[in-house]
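**Q** The sequence isn't on hand, but the structure is:
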Ligand code: 5RP
């Protein structure tokens with residue numbers, strides 16, 4: 001039995017779950033919108049006997065999916081997945097994303113790249129003209145290389161600091177064991193250039209700009225879903 005969404009995040013997650021077909025290998029995102037998608041997938045498995053295998057982008061999503069009865073396998077077992085559905089912190093008109101506020105971005109980007117289709121689910125508040133409008137760019141760095149990486153990024157005009165933990169008495173360590181630099185850059189640098197610049201910085205493990213990876217963004221506004229395909 002289908003359910004009545006309680007908000008736009010749930011509405012768009014339920015809509016995205018309609019793209020999951022029998023036998024698919026599906027990547028599960030991380031965050032509140034992705035959580036609604038995991039719940040809907042589990043509901044379809046139970047109510048509609050949907051046959052699906054999943055790969056989680058974080059421990060928290062893996063625990064949630066398993067607790068709802070979904071079969072979760074490890075990324076190490078596969079080279080490609082059928083579909084990846086995840087949220088984003090910012091989405092530009094050319095479908096570049098900013099992700100990783102939850103510091104699970106290493107697996108998130110691996111799944112986005114491994115997916116035949118990557119669907120981004122969000123409410124309208126995530127639409128921006130430029131990456132970096134509302135958040136700094138999270139950049140995961142090897143702990144031993146954080147100073148060298150920060151220096152390189154500063155030479156390219158970046159400004160920022162290591163992310164602290166919630167209690168502000170220590171540093172944030174990502175799921176992957178990296179430290180996180182939150183850096184802002186000059187607004188005149190294009191997303192494509194910024195992506196290449198950070199990719200080419202030694203010591204950087206991964207970063208939150210998802211450039212050229214999105215197949216479609218599904219945007220919810222007051223219960224209405226707009227689909228934008230590449
Ligand atoms: C986590 C992410 C999330 O997808 C992003 O933060 C959006 O979260 P939410 O759906 O809770 O708004 O990138 O790394």
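**A** Perfect, thanks for sending it. Nothing here was measured: the structure is a model prediction, and the numbers come from that model.
**Q** all contacts plus neighbour counts: C-alpha atoms, from now on.
**A** Will do.
**Q** who's in contact with the lengthiest helix in the chain?
**A** Ranked by residue count and defined by DSSP state H, the top helix of the chain is helix 32-48. With contacts defined as Cα atoms under 8 Å, 6 or more residues apart in numbering, helix 32-48 is touched by 1, 9-10, 13-14, 16-17, 28-29, 50-52, 61, 64-65, 68-70, 85-87, 121-122.
**Q** Identify the neighbouring strands of the helix or strand that comes right after it in the sheet and state each direction.
**A** On the C-terminal side of helix 32-48, the nearest following helix or strand under DSSP states H and E is strand 52-56. Under the criterion DSSP bridges, strand 52-56 sits next to strand 24-28 (parallel), strand 71-72 (parallel) in its sheet.
**Q** Determine which stretch of those is the most buried.
**A** Greatest average neighbour count among the strands paired with strand 52-56 goes to strand 24-28 (a mean of 23), per mean count of other Cα atoms under 10 Å.
**Q** Please see if that one touches the ligand.
**A** No: Strand 24-28 lies apart from the ligand when judged by Cα under 6 Å from any ligand atom; the minimum separation is 10.1 Å.
**Q** Tell me if I'm right that residue 130 and residue 92 touch.
**A** Yes: counting by Cα atoms under 8 Å, residue 130 does reach residue 92; the two are 5.8 Å apart.
**Q** okay, the two: which has more neighbours?
**A** Using other Cα atoms under 10 Å as the criterion, residue 130 and residue 92 rank with residue 130 on top: 20 against 16.
**Q** Longest strand in the protein, by number of residues?
**A** Longest strand in the chain by number of residues (criterion: DSSP state E): strand 115-123.
**Q** List the buried residues for the following helix or strand past that one?
**A** Sequence-wise, the next helix or strand downstream of strand 115-123 (DSSP H and E) is strand 137-141. Across strand 137-141, burial judged by 16 or more other Cα atoms under 10 Å covers 137-141.
**Q** quick one on the thing from earlier: now the longest strand of the chain: buried residues?
**A** Applying 16+ other Cα under 10 Å to strand 115-123 flags 115, 117-123 as buried.
**Q** what about residue 200, how many neighbours?
**A** 11.
**Q** Please read the previous query as pertaining to residue 145.
**A** Residue 145 has 15 neighbouring residues, counting by other Cα under 10 Å.
**Q** same deal with residue 202?
**A** 15.
**Q** need the contact list for it.
**A** Counting by Cα under 8 Å, 6+ apart, residue 202 touches residue 149.
**Q** Look up how far residue 147 lies from it.
**A** 11 Å (Cα to Cα, to the nearest Å).
**Q** How about residue 165?
**A** From residue 165 to residue 147 the distance is 18 Å (Cα to Cα).
**Q** These two: who's more crowded?
**A** Using other Cα under 10 Å, the more surrounded residue of residue 165 and residue 147 is residue 147, with 15 against 11.
**Q** How is this structure divided into domains?
**A** 8-124+211-222, 137-206 (automatic domain parsing).
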